[in-house]
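Participant: Using only what follows, build the 3D model:
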Amino acid sequence: MPAYTIGIDVGGTFTDVVGICADGTQTLAKAASTPADQSEGVLQGLRNLATALRLTLPELLQQTARIVHGTTVATNALLERKGARIGLLTTEGHRDVIEMREGLKPERYDLRLPAPEPLVPRHLRLGVKERLRPDGRVEVPLDAASLEAAIARLKAEGVEGVAIGFLHAWAAPRHEHAAADAVQAAMPGAFVTCSADVLPQIKEFERFSTTAVNAYVGPVVSRYLGRLAGRLEEAGYRGPLFVILSHGGVAPIGEAARLAVGTALSGPAGGVAAAVALAAQGLGQDLVTFDMGGTSTDIALVTQGEAALGRGRVVGGERIALESLDIVTLGAGGGSVAHLGPGGTLQVGPRSAGAVPGPACYGLSGTEPTVTDANLVLGYLDPDNFLGGARRLDLPAARRAVTGLAERLGITPEACASGIHDLVNARMADGVRLATVRRGVDPRDFALLSFGGAAGLHATAVARELGLRRAAVPLFAAGLSAWGMLHTDLRYELARSAVTPTGMPEDAALRALFDGLEAEGRARMAGWHGGEVAARRSADMRYGEQVFEIAVPLDGIAWDGPDLGGQIRAAFHARHRALFTYDLPEEEVVLVNARVAVVGVLPRHAAAQGAEAGAAPAAGERRILLGGAMATVPVWRFEALAPGQAIAGPAIVESDTTTVLLRPGDAARMEARGWLEIAVPPAG
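Facilitator: All right, here's what the predicted structure looks like:
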């Protein structure tokens, strides 16, 4: 019987691989990420995991029941503008929708702000004679000659992907599907995507933009997933390969390739899934996730044990209107480069040294000072115990990098390193405020769940600045995103716009709409999963005179009961009141989009456990710079801490893959379920 499930998280600096055995044993391995071809780093991480388990790679893969993968291929393609060359076929007269956007600037008062560069240049956005009415009736039939001419031009231009977005295709996809068939016949091998299959909803810009992004990243993601699947098969793997999507659920690689835009937040989604799992295991129902890796920091909210979802995310300047986890991403990580900004002021990030050359202390020809270099100079990291001693950090190189910047600032290297550390803490605290205060949430009511290889060194400083009283660092902090990917479910999202002149369809039409979506989703899930399947219904709704909708969960609705429309209206009023403190019962309520999420439930695992023996003594001491003064502090081995063991700051708790800095006043306690619980005193 297969013994293992494996989660893989590709970060900007490291690729984390977590293997969980059927007996509950959990093992973490890491490998350097390989940006040119992420599959190389993935295979190396699997080899390292096999070595840690005293197996060969084929032996490990033959005993593996499931692999779940988080990838940044789509994200990188958008951020670096390295996606496919694509064209857009649209209704004649509407080719400029994705350039006009919504008529708003990201910074509306910046008079010098240049217009965003659309993913599809204008000469590759081609109009086709056709027109549907909002009810799906044909106004202008699809003109074969017009379509043929447009396809011939795209073929001559050598496009690799084609996005098809016709007016009102959300109501009836037949024109888009006919056009897609014609493109595939004329351009075999091209990546073709229709807006009716990506986002069958009203609002042309959001629909066209999301479809264009899917065409832009689709060929890149498809090639990568195909290459990875092939390499795994060559190495002996015969089980399913799933990809975690932006909404936090997972899907087979075929679906991830078809809806490649859904992988734009694939990596960070694993960390949020882990937070939800830990909330269920007793960590707390209200959490701020603080995921600090080598390149970025990702921040999200878990409220009452559930992660917040949203739509209309912008990645790399492009609007993606699919449902996704509400994650704030900062260019602040261990590899973030410290430099002089305008006026000679110290700044940290957003540029990162990445995996290559990496921080100066990695010894890979990097010379610029990074957050990791500063932490090494301050004594927070052990140069001989990085990755369990697999890589030795070059302290002299880190000092040279920091000293070069310090000389330009006219301060000591130690003061410069402290400034880098404090500045990145302030930036990350601002990121938490963005994810909480800007959304009307008081962060002081939440615990800070800190993970990623670098977060432990900054967690309690960030918590202090925000007034949070609790922080937690899991034993598997460095690989928690990969661990979280094994604690989520298969998920298939469906949505349909349902705008009617009366605002709310009749009860029979409502039942047919939601029942039809659920049946379609269950049929799709049956091809992926033979186990337990559940469905959750929700709707996007607004008052009649409002412009934007809110998401309304429809849990508890009696779908076979009387006055179905009245029940849904009542749910909307209650949700509006919860979000904005008021509702307007006399106003017309409009149901804009019906939504169904079909979930295939997968097995769960417990968190990694600490030691079972009695309290372990400190493993040693270290001289560190803290609060402007040198201090000698005890160093504890994370995995040796027994349940209930208490540690008072200042101190360092370290494992092979992460280090936690406890500051004066911090009081830590090892929880039996596998995390370090830290009571943080108020600032000052």
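Participant: got the contact list for stretch 96-107?
Facilitator: 88, 90, 113, 115-116, 118-120, 122, 125, 165, 204-205, 208-209, 212, 319 (C-beta atoms under 8 Å, 6 or more residues apart in numbering). Glycine gets a C-beta too; all of them are placed from N, C-alpha and C.
Participant: Among those residues, name the ones in helices.
Facilitator: In this view, these that belong to helices under DSSP state H are 204-205, 208-209, 212.
Participant: Reformat the residues you listed as TSV; add pLDDT and distance to Ala84.
Facilitator: TSV is the format used below for the ones in helices among the contacts of stretch 96-107 (pLDDT from 0 to 100; distance: C-beta to C-beta, whole Å):
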residue	pLDDT	distance to Ala84
Glu204	92	22
Phe205	93	21
Phe208	96	17
Ser209	94	16
Ala212	96	11
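Participant: from those, which is closest to Leu641?
Facilitator: Proximity of the ones in helices among the contacts of stretch 96-107 to Leu641 (C-beta to C-beta) peaks at Ser209, which lies at 48.9 Å.
Participant: Tell me the pLDDT of Leu376.
Facilitator: On the pLDDT scale, Leu376 is placed at 95.
Participant: got a pLDDT number for the residue nearest the centre of the chain?
Facilitator: By C-alpha atoms, centre = their mean, the mean C-alpha position of the chain lies nearest to Pro268, the distance being 2.8 Å. Here the pLDDT value assigned to Pro268 is 85.
Participant: quick one: it is in a helix?
Facilitator: Yes: applying DSSP: H, G, I helix; E, B strand; the rest coil, one finds Pro268 inside a helix.
Participant: Break down the stretch 201-350 of the chain into its strands, ranges please.
Facilitator: In the stretch 201-350 of the chain, the strands defined using DSSP state E, counting those that start in this stretch lie at 241-244, 250-252, 287-292, 297-303, 306-307, 309-310, 313-315, 318-320, 324-325, 327-330, 336-340, 346-352.
Participant: Of the ones you listed, which stretch is the most buried?
Facilitator: strand 287-292 (a mean of 29; mean count of other C-beta atoms under 10 Å).
Participant: Relative to that one, what are the paired strands and their orientations?
Facilitator: Sheet pairing of strand 287-292 (DSSP bridges) gives strand 297-303 (antiparallel), strand 447-451 (parallel).
Participant: What average pLDDT does the longest one get?
Facilitator: For strand 297-303, the per-residue pLDDT values average out at 91.
Participant: what is the orientation angle of it with strand 336-340?
Facilitator: 120 degrees (axes from the mean of the first three to the mean of the last three C-alpha atoms, to 10 degrees).
Participant: circling back to that earlier point, could I have the buried ones of the contacts of stretch 96-107 as PyMOL selection syntax?
Facilitator: This is the PyMOL syntax for the buried subset of those, where burial follows 16 or more other C-beta atoms under 10 Å:
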select buried, resi 88+90+118+119+120+125+165+204+205+208+209+212+319
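Participant: that older thread, I'd like to know which of the ones in helices among the contacts of stretch 96-107 is nearest to Ala300.
Facilitator: Ser209 (23.1 Å).
Participant: ok, now which ones touch the closest one?
Facilitator: 98, 101, 318-321.
Participant: list the contacts for the closest residue to the residue nearest to the centre of the chain other than its chain neighbours?
Facilitator: Nearest residue to Pro268 in three dimensions, chain neighbours excluded: Asp298, at 4.1 Å (C-beta to C-beta, 6 or more residues apart in numbering). Listed by C-beta under 8 Å, 6+ apart, the contact partners of Asp298 are 268, 271, 289, 291, 327-330.
Participant: Over to Leu113?
Facilitator: 105-107.
Participant: Over to Glu306?
Facilitator: Val276.
Participant: Kindly recompute the last result at 10 Å.
Facilitator: Applying C-beta atoms under 10 Å, 6 or more residues apart in numbering to Glu306 gives the contacts 276, 279, 285, 553.
Participant: shouldn't the first one be in contact with Gly484?
Facilitator: So the one you mean is Val276. Yes: using C-beta atoms under 10 Å, Val276 is in contact with Gly484, at 8.0 Å.
Participant: who touches both of the two?
Facilitator: Contacts common to Val276 and Gly484, judged by C-beta under 10 Å, 6+ apart, are 248, 289.
Participant: Between the two, which is the more surrounded one?
Facilitator: When neighbours are counted by other C-beta atoms under 10 Å, Gly484 comes out ahead of the other of Val276 and Gly484, with 30 against 20.
Participant: which stretches of the stretch 351-500 of the chain form helices?
Facilitator: With helices called from DSSP state H, counting those that start in this stretch, the stretch 351-500 of the chain shows them at 371-377, 395-409, 413-435, 459-466, 480-484.
Participant: wait, I meant the stretch 551-684 of the chain
Facilitator: Assigned by DSSP H, counting those that start in this stretch, the stretch 551-684 of the chain shows helices spanning 564-580.
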